[in-house]
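# pasting the structure only:
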């Protein structure tokens, strides 16, 4: 059952040019690539294409204009709306004309601070159509974080909506955009605001434009033709947390991205033209970019855009309801979502009532799926549940069970096998591969597969650093090992990145904010285990002498992180402690803090400076 | 007492113990260390090293622990901090070195590791250790070249402990 996978992986490693050259046939090129890989120009050098054309126009041209491209399902606003490929082509064309009227052209950056509505997809595709580079900023980020992205990307225009809907809450977006633009050094020419029925935003002329009015004004403008773009031209910039406060702008190139995503739909997820596919993520994250927008549309499938939550919109049956309503064949979500559903509905009564319809397989990613959650979901759904692993930098899975290649081997707690195109090695501290079974740094042999990043926006040095630690390899930042059967087990990060409810966050960034607060002498923010979110950040704060009330300090620290980073930070707990556990040279023993907060057994390391500290911390944490 | 060290790039360093009077200079020095190197030094991400964190670096007891400052002899600038902190039994000493961003790659780390090793021997230590973040490849590489042997740190995947025994 795994032969097809093994053959594909072997072929991709031994004959990458032939393997990816064949995969590239799934894409309509304007000029076919001159070579599959070039050291300087990357994947599919010499090739030109347009990603929007491949996602939309070609399906209409092939006579599939009436096929459903996008199913929008918003349980809170009670809207279910379907867009055929022909309608999508029209909508994208109108938005592309709007952008062109605002002077946006090839290479210009466009920032989207938008909720999970069809207009967001239209803008992304419209940018792809005209060769503008979009950068979608997740709505949970605070104005300061949006401002950092604005300053780095230097966009010509920013598009937003009057509000986002987060479960029962309506979040006004426009005031956050206004504040971000006050904080940012770079100024945009125009802010285009999509007014939603639920909440209207105030517009300030001449900078702010009403979406509907602009659409009206440009209604007679011709639909811009798909721009001819080099395979190496950027499609988008997606910012992700780095180990320090500055977000890293992962640059995705058109050519490799299109080829890799199309390959993954056919060979991992088992989705082709006309098949409904649902990735329950947010377009602000990489899963949303790749598997809500681009991949399903590239292969002519139907994608589901779900503006709801796993629970509370209105109940823990919403996943099964949406899945059956849209006849979803492959479902993709984060382990945290399943844990949330399970907590509300431990016996899966909703699942039993509603069923899973046509769904054949469930994929999980975003953070490590714990075996218990996978077992529960497999038992209740009767479907194979496949955990898989990838990163924003890669853009698509690096480790998975390639279900569509007939491989169903899986082991709970493992992320599966290297996906064709990726050669993983577990490296020791000397940079040499370790014997099988031993843990080490998870690295991928360079060059990375098509679709993976080839630079960071304005930060080539930051990109190069990923390859500097182990020459010839990309360092994933994860530690792990291969077991005897070849399953790759990802054990955790080797840096300070944590995954909170599938959102990648930097504890270092939070630590920097906490350290700046009045009354803080020292602090550490670490990721603690959480039964629902997988991990949550927790702060340990040593108060400065005379800092005043502990309660006020606690409130100040929490409020500061929320104000500067946004609701996404989810920092709710801070312990005011007498001291932090350190080595004799003053290095904080962060893993010890983690064990204490998680209630795990620990031995006090002989390298600790003050062996009395762990007991003090226990007392602070356990009250 | 000031010690003169020569680095392989021809730089001359003047190394002496830090005192309370050095707090402001040391604080300014850590501001000139890269964010990443500051994280590697303290395993903390704060952008400024606080008074409380500096305290042990300016109040060493000059035996069980010694905090050294290295100055570029030519300019008089503080360019590195090097700490040797030993356990009570004076068996094992932990070392930690930070170098100003623009002085990296000039052999400062190499010279200071030799210097700290000598200080450790003088104190009769059995071994010195360095505890490094696993992604601090530069330090791990340098220490390996100086004969330190890396091992996993307890069960913490993010750290490596490197040790060098004298006897």
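Good, I have the coordinates. Predicted, not measured: the structure shown is a model, and the values here were computed from it.
# which one is residue A:352 nearest to, not counting chain neighbours?
Nearest residue to residue A:352, sequence neighbours excluded (CB to CB, 6 or more residues apart in numbering or on different chains): residue A:380, at 7.7 Å. Backbone N, C-alpha and C define where each C-beta goes, glycine included.
# so what's residue B:137 up against?
Applying CB atoms under 8 Å, 6 or more residues apart in numbering or on different chains to residue B:137 gives the contacts A:468-470.
# so which strand or helix has the residue nearest in space to the middle of chain B?
Centroid-nearest residue in chain B, with CA atoms, centre = their mean: residue B:97, separated by 2.0 Å. According to DSSP states H and E, residue B:97 maps onto strand B:92-99.
# by contact count, what packs against that strand?
Helices and strands touching strand B:92-99, by 3 or more CB pairs under 8 Å, 6 or more residues apart in numbering or on different chains; DSSP states H and E, are helix B:35-42, strand B:78-86, helix B:108-122, strand B:127-133.
# return the set of buried residues in that strand.
Neighbour-count burial for strand B:92-99 flags B:92-99 (criterion: 16 or more other CB atoms under 10 Å in any protein chain shown).
# can you add pLDDT and give those residues back as a markdown table?
As requested, those are arranged in a markdown table below (pLDDT from 0 to 100):
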| residue | pLDDT |
| --- | --- |
| B:92 | 97 |
| B:93 | 97 |
| B:94 | 97 |
| B:95 | 98 |
| B:96 | 97 |
| B:97 | 97 |
| B:98 | 97 |
| B:99 | 96 |
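# which residues of the stretch 401-550 of chain A fall in strands?
For the stretch 401-550 of chain A, applying DSSP state E, counting those that start in this stretch gives strands covering A:417-418, A:424-427, A:440-445, A:473-482, A:488-493, A:497-500, A:503-506, A:520-530, A:534-543.
# output these as JSON lines; include the columns mean neighbour count.
As requested, the strands of the stretch 401-550 of chain A are exported to JSON lines (neighbours: other CB atoms under 10 Å in any protein chain shown):
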{"stretch": "strand A:417-418", "mean neighbour count": "25"}
{"stretch": "strand A:424-427", "mean neighbour count": "20"}
{"stretch": "strand A:440-445", "mean neighbour count": "24"}
{"stretch": "strand A:473-482", "mean neighbour count": "22"}
{"stretch": "strand A:488-493", "mean neighbour count": "20"}
{"stretch": "strand A:497-500", "mean neighbour count": "22"}
{"stretch": "strand A:503-506", "mean neighbour count": "23"}
{"stretch": "strand A:520-530", "mean neighbour count": "23"}
{"stretch": "strand A:534-543", "mean neighbour count": "24"}
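# would you list those strands in CSV and tack on mean pLDDT and distance to residue A:236?
Formatted as CSV, those follow (pLDDT from 0 to 100; distance: least, CB to CB, whole Å):
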stretch, mean pLDDT, distance to residue A:236
strand A:417-418, 98, 26
strand A:424-427, 96, 26
strand A:440-445, 94, 22
strand A:473-482, 94, 20
strand A:488-493, 87, 25
strand A:497-500, 87, 21
strand A:503-506, 87, 17
strand A:520-530, 94, 28
strand A:534-543, 95, 26
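# these: which one's closest to residue A:224?
Proximity to residue A:224 (CB to CB) singles out strand A:503-506 among these, at 34.1 Å.
# on contacts alone, who are the packing partners of that closest one?
For strand A:503-506, the packing partners by 3+ CB pairs under 8 Å, 6+ apart are strand A:497-500.
# how far off centre is the strand it packs on?
Relative to its parent chain, strand A:497-500 has a centroid offset of 12 Å by CA atoms, centre = their mean, to the nearest Å.
# which neighbouring elements make contact with the helix or strand where residue A:20 lies?
Residue A:20 belongs to helix A:16-23 when assigned by DSSP H and E. Helices and strands touching helix A:16-23, by 3+ CB pairs under 8 Å, 6+ apart, are helix A:3-14, strand A:37-38, helix A:254-264.
# ok, and what's touching it?
The contact list for helix A:16-23 (CB under 8 Å, 6+ apart) reads A:8, A:11-12, A:33, A:35-37, A:43-44, A:259-260, A:262-263, A:420-421, A:450.
# what's the angle between that helix and helix A:3-14?
Calculated by axes from the mean of the first three to the mean of the last three CA atoms, to 10 degrees, helix A:16-23 forms an angle of 120 degrees with helix A:3-14.
# can you list the buried residues in helix A:16-23?
Within helix A:16-23, the residues scored as buried using 16+ other CB under 10 Å are A:16, A:19-21, A:23.
# just stretch A:172-180 next, same as before
In terms of neighbour count (16+ other CB under 10 Å), stretch A:172-180 has its buried residues at A:172-174, A:176-178, A:180.
# closest to residue A:80 out of those residues?
For the buried residues of stretch A:172-180, the nearest to residue A:80 is residue A:173 (22.9 Å; CB to CB).
# excluding its backbone neighbours, what's nearest that closest one?
Excluding the flanking residues, the one nearest residue A:173 by CB to CB, 6+ apart is residue A:160, at 5.1 Å.
# and the contacts of the helix or strand that contains that neighbour?
Taking DSSP H and E as the criterion, residue A:160 maps to strand A:157-161. Here strand A:157-161 makes contact (CB under 8 Å, 6+ apart) with A:99, A:102, A:104, A:110-115, A:117, A:119-120, A:123, A:150, A:173-174, A:177, A:181, A:188-196, A:201, A:211.
# how about a cut-off of 6 Å?
For strand A:157-161, the external contacting residues (CB atoms under 6 Å, 6 or more residues apart in numbering or on different chains) are A:102, A:104, A:110-115, A:123, A:173, A:177, A:188-194, A:196.
# endpoints of stretch A:318-333, how far apart?
The straight-line separation of the ends of stretch A:318-333 (CA to CA, to the nearest Å) is 13 Å.
# show the contacting residues for residue A:345.
Contacts of residue A:345 by CB under 6 Å, 6+ apart are residue A:316.
# contact residues of chain B facing chain A?
Within reach of chain A by CB under 6 Å from any CB of the partner chain, chain B has these residues: B:35, B:42-47, B:50, B:52-53, B:56, B:83, B:85, B:94, B:96, B:131, B:134-135, B:137, B:140, B:150, B:154, B:156-158, B:160.
# residue ranges in the chain under the pLDDT threshold?
Chain wasn't specified; assuming chain A. Within chain A, the stretches with pLDDT under 70 are A:1, A:243-245.
# not quite, go with chain B.
For chain B, no stretch is flagged by pLDDT under 70.
# residue A:139 is in contact with residue A:568, correct?
No. Using CB atoms under 6 Å, residue A:568 is not in contact with residue A:139, being 8.7 Å away.
# what distance do you get for the nearest residue to residue A:188 once chain neighbours are set aside to chain B?
Computed as CB to CB, 6+ apart, the closest residue to residue A:188 that is not its neighbour in sequence is residue A:158, at 4.8 Å. When distance is defined by CB to the nearest CB, to the nearest Å, residue A:158 is 28 Å away from chain B.
# can you name the residue of the stretch 301-450 of chain A nearest to chain B?
In the stretch 301-450 of chain A, the residue that lies nearest chain B is residue A:429 (4.4 Å; CB to the nearest CB).
# which residues does that residue contact?
Contacts of residue A:429 (CB under 6 Å, 6+ apart): B:140, B:150, B:160.
# let's see if you can find the most crowded of these.
Comparing these on neighbour count, residue B:160 comes out first with 24 neighbours (neighbours: other CB atoms under 10 Å in any protein chain shown).
# buried residues, the strand or helix carrying it. List them.
In the assignment (DSSP H and E), residue B:160 maps to strand B:156-165. By neighbour count with 16+ other CB under 10 Å, strand B:156-165 contains the buried residues B:156-164.
# most widely separated two among these?
So, the buried residues of strand B:156-165 by CB to CB: farthest apart are B:157 and B:164, at 22.8 Å.
# and stretch A:485-500 with chain B, contact?
Yes. For stretch A:485-500, a contact with chain B is found by CB under 6 Å from any CB, at A:491-492, A:494-495.
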